[in-house]
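Engineer: fold the following, please.
(chains A, B, C and D)
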Protein chains: 4
Amino acid sequence: MLEKLKEEVWKANLLLPQYQLITFTWGNVSGIDRSAGLVVIKPSGVEYETMGVEDMVVCDLEGNLVEGHYKPSSDLKTHLELYKSFANIGGVVHTHSQNATAWCQAGKAIPALGTTHGDYFYGAIPCTRPMNEAEILSEYELNTGKVIAETFRTHHLDPDQIPGVLVQSHGPFTWGTTPFEAVHNAVVLEELAEMAFKTQLINHEVHAMQQDLLDKHYLRKHGAGAYYGQK
Amino acid sequence: MLEKLKEEVWKANLLLPQYQLITFTWGNVSGIDRSAGLVVIKPSGVEYETMGVEDMVVCDLEGNLVEGHYKPSSDLKTHLELYKSFANIGGVVHTHSQNATAWCQAGKAIPALGTTHGDYFYGAIPCTRPMNEAEILSEYELNTGKVIAETFRTHHLDPDQIPGVLVQSHGPFTWGTTPFEAVHNAVVLEELAEMAFKTQLINHEVHAMQQDLLDKHYLRKHGAGAYYGQK
Amino acid sequence: MLEKLKEEVWKANLLLPQYQLITFTWGNVSGIDRSAGLVVIKPSGVEYETMGVEDMVVCDLEGNLVEGHYKPSSDLKTHLELYKSFANIGGVVHTHSQNATAWCQAGKAIPALGTTHGDYFYGAIPCTRPMNEAEILSEYELNTGKVIAETFRTHHLDPDQIPGVLVQSHGPFTWGTTPFEAVHNAVVLEELAEMAFKTQLINHEVHAMQQDLLDKHYLRKHGAGAYYGQK
Amino acid sequence: MLEKLKEEVWKANLLLPQYQLITFTWGNVSGIDRSAGLVVIKPSGVEYETMGVEDMVVCDLEGNLVEGHYKPSSDLKTHLELYKSFANIGGVVHTHSQNATAWCQAGKAIPALGTTHGDYFYGAIPCTRPMNEAEILSEYELNTGKVIAETFRTHHLDPDQIPGVLVQSHGPFTWGTTPFEAVHNAVVLEELAEMAFKTQLINHEVHAMQQDLLDKHYLRKHGAGAYYGQK
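Structural biologist: Reported below is the predicted structural model:
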């Protein structure tokens, strides 16, 4: 079942080590078939070197195993919560990539400091609030997803325009309309995190770029007036 | 038409990922045939892995498409403005390379801190002023070029002696007498940006090297008295 | 003798350059057969490129050569002291990896700043006190091991839960139930050291993650209630 | 003539890009035959990719060309001055490696912060004073060598125990008993420079390691009492 999505999710997972976003098994990609109400995700703790397309796990949106000989990624419930909260997304990625994770550990949002950022993220990339004891002790992975959704709701952020988040003291999640786009955004986030890290060390006073420039760059690649690329 | 220049521009573009100056399609190289009044440039948003010499785009100096089955790079008008403003240059490169972009985002010029810098850039590498609302809203890419030219004019800088610039909140542009030399200078700029970043973290008080030493190094590689290399 | 352990130790040593944990011969891995009371370790100063399984050195727990045509690693006595002090460990790794060594040189413990840390180390990774003149002048390598053991004893740390240490002004040691697990922990430590380095530069005020979150992540991978992976 | 030395110098030069110590042609290695009074050095500005053993240049100690179809490295006179000043050295390396050059630009010596340093350099790696106008304007490369020698003389440093120097606002030079050992020391210096850079950012208060520990590590690898390795 879902052979095409399984292959897409499998290939998208293999991109994580290729783009040097992960060490060992510290990351996972999933994809959703919204009409079937099913999600395909990487199995938990299985090594990338030997993982085949047949090892992908299929679950329903409550996290029940539908197909597969492995347990799904332990982050499954975070992925599911994101699919439920963000109606337009088709793929989710979680990594512990060096620079994005440093920002998560620092508990700071990544400000929109330049057009590299503005080409993909329409504003600062938010960092979630710390999770409280109750959220950690019970249904931790589900609550991680809920806190991400809360962050977007509370700050009136559009997940289609800001396709990623920094989970405090943890690591980044990104998403996109497809698993490949979600990986693409994970690569971009890691680049932005490193650039912002260096920018602030060069200029401690730096602040976000002007709104006009952010609008210009985001909108020349996204939406009705886009003119970047070949469409 | 312009088969030799197209091949040169295509090969120069392929050097960008090879020298790790770009992620995805975040960069472009162009070259000019001044006698024909034509510019060859990378197509917009096309991936480096699959791009062939036949995908290069030929435009005139007003930006009209002369040959090619793709749209030219969205940064075309910035390139054209540089060719118009800087009479001796034959190639232009734009990237979002990590360290040079961090300086752009910090809004700071890269001071001439050592002989590695002085071997290629005869003084600080300037950072442009922020663009204003009018410049961003209308003819943004053209105005980016104009602001670069203004920076050199206002500060009495010679683009033949300082073959690169940091566009504030954006990324670096470099140039040279040929597309390959422009790429060479992009590699050098990225190295210098990283060295200067680290230098300032080791010594917050650091200032530019002595003028005599800058003269010595720049002039032993450039101009009538040069004695570096095999000429 | 001990052919299986020798092969394991040899392969584990070859992982050090593969994971970019060492320059030249700046590292070594050992493994113990506790029933035989024998340790297999890398020979001293032999290059990784040409080292074969037959070059591994077998010693008893007093450091006497039992088999091998080379002298054992000069750090042998530190390894032996760790095997004597920490009853459950089966492999030990020493490197001078960039970021972990920087923390050693800084004389600072690496605080548990995020879940990447908590997935492997159940609390801060300690830094030993400076060694005194007497400890350095006589039986230096043995005393290095003793100071490590003292650090864990004094601070009531469990070496099974914190499988690594920063030796002040020197470099990191890690361990595990097998030589491969010890190498795995060396890779993790280097990642954590780099993340913590960057985190503190982004936020000078940062402090350790909440205890609940540390418990959650450590215990979902370790101990009776673990649910990460396929067991 | 000197076929064996030419091959050694050629191979040692090829190690510079392999160890990522240089960009383009920003470095050179030489070796000396003291009985013949001749030095073999890389040609100036020739690319590493295509350079063959037959391209090596032979000069006498006054810098006269003795054999070769290329001009010698423009840094030749610095190398010659080092051979004249430091009686025991057999090879010299110059690079603009990232981290060592950042320390040169910062104008700071690299303190002996840990045993990685102490294994190779018996104390801080000095930074030369700024060169004055007269030294720069006439016989610049020769004077660079003289200022290096002055640095060692003035601070009573032994070039056999501290096989490298940071030339202020320029880049590092290292040496050794052979060209290969000089390259080895260049690799070590670059590692130490990066470690020290990071160490000082983790702990702004850090100072040099205790003298006893420096003695221990330097002397267990060097001199009559050495016991590291297989001799």
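
Engineer: how about the helices of chain A, start to end?
Structural biologist: When secondary structure is read from DSSP state H, chain A shows helices at A:3-18, A:76-85, A:98-106, A:115-118, A:133-137, A:140-154, A:179-202, A:211-221.

Engineer: contact partners for the closest residue to residue A:15 other than its chain neighbours?
Structural biologist: Setting aside the residues directly before and after it, residue A:15 is nearest to residue A:183 in space (Cβ to Cβ, 6 or more residues apart in numbering or on different chains), at 4.8 Å. From N, CA and C alone the C-beta is placed, and that goes for glycine too. The neighbourhood of residue A:183, defined by Cβ atoms under 8 Å, 6 or more residues apart in numbering or on different chains, consists of A:12, A:15-16, A:19, A:29, A:91, A:93, A:174, A:176.

Engineer: so which of these is the most crowded?
Structural biologist: Counting neighbours by other Cβ atoms under 10 Å in any protein chain shown, the top entry in these is residue A:93, with 33 neighbours.

Engineer: and the residue nearest the centre of chain A, how far is that from residue A:180?
Structural biologist: Nearest to the geometric centre of chain A sits residue A:174, at 1.2 Å (Cα atoms, centre = their mean). The gap separating residue A:174 from residue A:180 is 12 Å, by Cβ to Cβ, to the nearest Å.

Engineer: residue A:98 too?
Structural biologist: 22 Å.

Engineer: show me where chain A dips below the pLDDT cut-off.
Structural biologist: A:231 (pLDDT under 70).

Engineer: smallest gap between it and chain C, at which residue?
Structural biologist: residue A:45 (3.3 Å; Cβ to the nearest Cβ).

Engineer: now do the contacts for the residue nearest to that residue when sequence neighbours are not counted.
Structural biologist: Leaving aside its sequence neighbours, residue A:45 sits nearest to residue C:229 (Cβ to Cβ, 6+ apart; 3.3 Å). Going by Cβ under 8 Å, 6+ apart, residue C:229 touches A:44-45, A:71, C:221.

Engineer: can you select the buried ones from those in ChimeraX?
Structural biologist: The buried subset of the contacts of residue C:229, as determined by 16 or more other Cβ atoms under 10 Å in any protein chain shown, is captured in ChimeraX by this line:
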select /A:44,45,71
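
Engineer: picking up where we left off before, so which of the contacts of residue A:183 comes closest to chain D?
Structural biologist: residue A:19 (20.5 Å).

Engineer: settle this for me: the closest one is touching residue A:185, isn't it.
Structural biologist: No - using Cβ atoms under 8 Å as the test, residue A:19 is too far from residue A:185 to be in contact (11.5 Å).

Engineer: and chain A, which of its residues are near chain B?
Structural biologist: Counting by Cβ under 8 Å from any Cβ of the partner chain, the residues of chain A close to chain B are A:113-116, A:184, A:187-188, A:191, A:194-196, A:198-199, A:201-203, A:206, A:209-210, A:212-213, A:216, A:220, A:227-230.

Engineer: now the two most distant members of the contacts of residue C:229.
Structural biologist: Within the contacts of residue C:229, two members stand farthest from each other by Cβ to Cβ: A:71 and C:221, at 13.5 Å.

Engineer: how about the longest strand that chain A contains, does it reach chain C?
Structural biologist: If you go by DSSP state E, chain A has its longest strand at strand A:27-33. No - applying Cβ under 8 Å from any Cβ, one finds strand A:27-33 separated from chain C by no less than 11.0 Å.

Engineer: what residues of that strand count as buried?
Structural biologist: Buried-residue list, strand A:27-33, by 16+ other Cβ under 10 Å: A:27-32.

Engineer: cool, stretch A:133-142 as well?
Structural biologist: A:135-136, A:140-142.

Engineer: wait, which of these is closest to chain B?
Structural biologist: Among these, and counting by Cβ to the nearest Cβ, the member closest to chain B is residue A:141, at 30.3 Å.

Engineer: enumerate every residue touching the closest one.
Structural biologist: A:74-78 are the contacts of residue A:141 under Cβ under 8 Å, 6+ apart.

Engineer: now tabulate those in a markdown table and tack on neighbour count.
Structural biologist: As requested, the contacts of residue A:141 are exported to a markdown table (neighbours: other Cβ atoms under 10 Å in any protein chain shown):
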| residue | neighbour count |
| --- | --- |
| A:74 | 18 |
| A:75 | 23 |
| A:76 | 23 |
| A:77 | 21 |
| A:78 | 25 |
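
Engineer: going by distance to chain B, which of those wins?
Structural biologist: residue A:75 (25.3 Å).

Engineer: was I right to think residue A:40 contacts residue A:5?
Structural biologist: Yes - assessed by Cβ under 8 Å, residue A:40 is found in contact with residue A:5 at 5.1 Å.

Engineer: okay, those two: which has more neighbours?
Structural biologist: residue A:40 (31 against 23).

Engineer: ok, and the closest non-adjacent residue to the more buried one?
Structural biologist: With Cβ to Cβ, 6+ apart, the residue lying closest to residue A:40 is residue A:9, at 4.4 Å.

Engineer: against residue B:106, how distant is that neighbour?
Structural biologist: 39 Å.

Engineer: for residue A:71, give me its contacts.
Structural biologist: A:43-44, A:57, A:65, C:229-230 are the contacts of residue A:71 under Cβ under 8 Å, 6+ apart.

Engineer: dihedrals phi and psi, it?
Structural biologist: phi -70, psi 140 (degrees, to the nearest 10).

Engineer: what is the burial count for residue A:157?
Structural biologist: Counted with other Cβ under 10 Å, residue A:157 comes out at 17.

Engineer: contacting residues for it?
Structural biologist: With Cβ under 8 Å, 6+ apart, residue A:157 has these contacts: A:123, A:126, A:151.

Engineer: need the contact list for residue A:159.
Structural biologist: A:85-86, A:88-89, A:152, A:175 are the contacts of residue A:159 under Cβ under 8 Å, 6+ apart.

Engineer: and it, how far is that from residue D:174?
Structural biologist: 53 Å.

Engineer: check residue A:210 too.
Structural biologist: 47 Å.

Engineer: same thing with residue A:11?
Structural biologist: 46 Å.

Engineer: with residue A:125 instead?
Structural biologist: 43 Å.

Engineer: show me which residues of chain A are close to chain C?
Structural biologist: Counting by Cβ under 8 Å from any Cβ, the residues of chain A near chain C are A:23-24, A:26, A:43-46, A:70-71, A:74, A:96, A:98-99, A:101-108, A:130-131, A:133, A:136-137, A:140, A:169-171, A:197, A:200-201.

Engineer: lovely, talk soon.
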